[in-house]
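[1] here you go, sequence then predicted model.
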Amino acid sequence: MTEESNTHEMCGTSSERKSHHSEKAKSNLITRLNRIEGQIRGVKGLIEKDTYCDDVLNQISSIQSALNGVSKQLLEHHMKSCVIDRIQEGDEEVIIELLTTINKLMK
């Protein structure tokens, strides 16, 4: 497999799309997601303990901010790698895909 076809496959134009994050980047994302998972379990516990609603809502807001941070990190990586690669290969459809994703993130 040539370098170009490997990048092409990893960036999403084959039937099995994959990303290509460094091990450090993956580890960072997983750590952040594990922390968010813990926060969600914490909110569940707060609800089970009948914690004051405003306190629970503040915790949910914190979780949403953390998820937004993960999304921003992934979006930046996607734009700097897959999107650029596909545009350089002449695949302008990636722009429509990117705009759709950004619209979903901004809801």
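    Yep, that arrived.
[2] in the chain, where is pLDDT below threshold?
    Regions of the chain meeting the criterion pLDDT under 70 cover residues 1-16.
[3] let's go with 50 and repeat that
    The chain contains residues with pLDDT under 50 at 1-10, 13-14.
[4] all the helices of it, residue numbers only.
    Taking DSSP state H as the criterion, the chain carries its helices at 3-10, 23-48, 53-78, 84-88, 93-105.
[5] pull the distance from the last one to the chain's centre.
    Same thing as helix 93-105. Taking the mean C-alpha point of helix 93-105 and that of its whole chain, the gap between them comes to 13 Å (Cα atoms, centre = their mean, to the nearest Å).
[6] about what we covered before: can you lay out the helices of the chain as TSV showing distance to Arg17 and mean neighbour count?
    C-betas here are computed from N, CA, C, even on glycine. Formatted as TSV, the helices of the chain follow (distance: least, Cβ to Cβ, whole Å; neighbours: other Cβ atoms under 10 Å):
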stretch	distance to Arg17	mean neighbour count
helix 3-10	8	14
helix 23-48	16	12
helix 53-78	11	13
helix 84-88	11	15
helix 93-105	10	12
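[7] which residues touch Ser62?
    By Cβ atoms under 8 Å, 6 or more residues apart in numbering, the contact set of Ser62 is Gln39.
[8] check the gap between it and Asn68 for me.
    To Asn68, Ser62 is 11 Å away according to Cβ to Cβ, to the nearest Å.
[9] please apply the same query to Leu75.
    10 Å.
[10] now swap in Asp85 and tell me
    Going from Asp85 to Asn68 by Cβ to Cβ gives 25 Å.
[11] how about Gly90?
    Look at Gly90 and Asn68: by Cβ to Cβ, they are 32 Å apart.
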